[in-house]
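Trainee: sequence first, then the predicted structure:
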Amino acid sequence: MTRDDESGDGRSVQPGLAASNEEYDEKKLRGSRFRSIIAPYLYVAPAFVVFAAFLGWQLVQTAEYSLFDWDGLGASTFVGLSNYLETFQDPEIRSSFIHALVLTLFYAGIPVIVALILTVLISRSSKMKVMSFYRTVLFLPQVISSVVVATIWVSMYSQNGFINQILNAFHLGGLTHAWLGDYSTALIAIGVVGTWTNMGLCLVLFLSGVGNIEPELFEAVRLDGANKWQEFFAITLPELRGQISVALTLTVISAFKTFDLVFVTTRGGPGNSTSVPAWEAYNRAFNTGQVGLASAVAVVLTVLIVIITWAIGRIDAKETA
Amino acid sequence: MKLSRREVVANNVVLIAFSLFAVIPLVGVLLSSLTPSVENSGGFSIPKSLVFSNYGDAWTQGSFGSYLMSSVIVTVAVVALTAVLGIFAGFGFSRFRFRGSGILFGLIVIGMALPSEAFIIPLYFNLRDVGLTDSYWALILPQTAQSLGFAVFWMRNQFRAFPLEIIEAARLDGASDTRVLWQIMVPPMISQIGTMLLLVMMWTWNEFLIPLVMIVSTSRKTAPLGLASFQGQHLTNYSLLSAAGVMVAIPVVLIYFIMQKKFISGVAGGISLR
């Protein structure tokens, strides 16, 4: 996980603070065993207890549940790793993970790439007075409840909705669809909602990153006669590494975590063309009485998210070093 | 570096295009919520006359008064608990070195990245066994646990950046640790604490899966959960649905407009610190 590395980094970045901290604690607190030994635990304990009881321990239990066959009511039987085997073999569950990959393209791939291209076009925009207005507007989809977002897009995608209106306006009436009701378009339709939500986030992150780049860097390459694209690869892209890593982490994880949108718009349908791992975990645990299998799906999803977070952090860390 | 006129125009064109992409669905839902139901087929249209009665109808037909009240109760409780526990723990992790501090910190912070699916299944059955499902506690306690990952992480970093000389001076004057925390460190950090609490507020208000799993009674449904059930009952009444959606989104959106800098710097800065 990135943050583990970074918490180590954070400590090493501030040796002065830590050293004088310790010195200080030793000088002033010697003789007060309570304050120096017990007190720190007392500060941390309430938060840790709430975390451990309602999250940490439950996490351990999810792993435990995943080794049992249980319908949520009767007795449970230990089945070893067979729920995991089923997770990888069951065609519906397997396709739910593939759907998550497709969504990643729409939630992360398109927004990051388009926002980067725009950043080239408008790279010096942070000097503009109206910038904070655009930032506010572009970021807006991020603060709206995903259930509200889902209800908005259900009407946008409906037979007489905005998307079909546009197609008709351009005399493309033949292309109109019930977008969320069609096997071939439902998953893409959900992906586009993710593009809508995450596009502004990426743009806001990159524009603020560009604003932090030293102008002298740009001037230097411009004196060398670099064009916009050379400037982008020489300066902007490397300098934005941190923001790109943050944007990728947030957006890829939001794709893999997708649940609310699917629950409200399609409930995994039509067929199981829009089922995603989080939906499979929820549906199997609370609707079809496959608690063990659902837990295995949840564990696999969690491990995937942890690996993704860690891997994206590594890319950033390696290039920095 | 000054921008040339042409650059300013080109930048504005690009930014306006993408702002429209972000905003058209939101303007659409506002217009739709003011269109009479009979004229509304789900498309984007300027209503001939503005009808505010959709809000009243949605409010009474969907008991949104109760949904919003539940959301307020849960959000206030989670934000308050997270503030107190997060400040204490952040202080503990930033000011002391103690056995196991790295592990304890790492564990709490993990909660920030985990999907709710990682813990919701056993949590439901455990809370059912002790009779806590379908209560506000089933929402407040897990959501506090989830928020603490970010809160503890954020507060530790903020406290670490606090000038040491000020703390030492207060200590020399004989102030206790707790006094140092609440009277010396917290007051000048209200702004940073506020940023953290705004994000926790937004996440708590918008949370869907935990209420979906835990809550059965209409009277304890939160606003997003209430909206989802309302959506199930009024699938094609886009006017009512839009009005309901606006009511669910508006509290967070209003606070966002007032404090947008804090929201954006919180998401950009807070997460990139990880």
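Mentor: Structure received.

Trainee: what is the least confident helix or strand in chain A?
Mentor: The least trusted helix or strand in chain A, going by mean pLDDT, DSSP states H and E, turns out to be helix A:2-13, with a mean of 38.

Trainee: longest helix of chain B, counting residues only.
Mentor: helix B:64-95 (DSSP state H).

Trainee: which strands or helices does it pack on?
Mentor: The contact analysis (3 or more Cβ pairs under 8 Å, 6 or more residues apart in numbering or on different chains; DSSP states H and E) places helix B:64-95 against helix A:39-51, helix B:101-110, helix B:137-160, helix B:190-206, helix B:223-233, helix B:238-258. For glycine as for every other residue, the C-beta is placed from the backbone atoms N, C-alpha and C.

Trainee: pull the distance from the longest one to the chain's centre.
Mentor: This means helix B:137-160. Distance, stretch centre to chain centre, for helix B:137-160: 12 Å (Cα atoms, centre = their mean, to the nearest Å).

Trainee: report whether the next helix or strand after it contacts chain A.
Mentor: On the C-terminal side of helix B:137-160, the closest following helix or strand by DSSP states H and E is helix B:164-172. Yes: applying Cβ under 8 Å from any Cβ of the partner chain, one finds helix B:164-172 touching chain A at B:Leu164, B:Glu168, B:Arg171.

Trainee: among these, who's most crowded?
Mentor: B:Arg171 (17 neighbours; other Cβ atoms under 10 Å in any protein chain shown).

Trainee: so that residue sits against B:Arg179, correct?
Mentor: No: between B:Arg171 and B:Arg179 there is no contact under Cβ atoms under 8 Å: 9.6 Å.

Trainee: show me where chain B dips below the pLDDT cut-off.
Mentor: Where chain B drops to pLDDT under 70, the residues are B:1-3, B:268-274.

Trainee: kindly tell me how buried the residue in it positioned nearest to chain A is, as a neighbour count.
Mentor: Relative to chain A, the nearest point of chain B is B:Gly92 (3.0 Å; Cβ to the nearest Cβ). A count of nearby residues for B:Gly92, using other Cβ under 10 Å, gives 29.

Trainee: any figure for the gap between it and A:Ile38?
Mentor: 11 Å (Cβ to Cβ, to the nearest Å).

Trainee: what do you get for A:Ile98?
Mentor: Counting by Cβ to Cβ, the gap from A:Ile98 to A:Ile38 is 52 Å.

Trainee: buried residues in the top helix by length along chain A?
Mentor: Scanning chain A for the helix with the most residues, using DSSP H, yields helix A:291-320. Buried residues in helix A:291-320, counting neighbours by 16 or more other Cβ atoms under 10 Å in any protein chain shown, are found at A:291-302, A:304-306, A:308-310, A:312-313, A:316.

Trainee: from what I can see B:Val267 touches A:Arg135, true?
Mentor: No: if you go by Cβ under 8 Å, B:Val267 and A:Arg135 don't touch, sitting 11.5 Å apart.

Trainee: and stretch A:218-235, average pLDDT?
Mentor: Averaging pLDDT along stretch A:218-235 yields 81.

Trainee: endpoints of it, how far apart?
Mentor: 7 Å (Cα to Cα, to the nearest Å).

Trainee: so does it get close to chain B?
Mentor: Yes: judged by Cβ under 8 Å from any Cβ, stretch A:218-235 comes into contact with chain B at A:Phe218, A:Glu219.

Trainee: how far is that stretch from where the chain is centred?
Mentor: Counting by Cα atoms, centre = their mean, stretch A:218-235 comes out at 32 Å from the chain centroid.

Trainee: stretch A:158-178 too?
Mentor: Distance, centroid of stretch A:158-178 to centroid of chain: 31 Å (Cα atoms, centre = their mean).

Trainee: so what's the residue count around B:Asn126?
Mentor: Other residues close to B:Asn126 by other Cβ under 10 Å number 17.

Trainee: please apply the same query to the one 5 residues further on.
Mentor: Around B:Gly131 sit 8 other residues, with neighbours defined as other Cβ under 10 Å.
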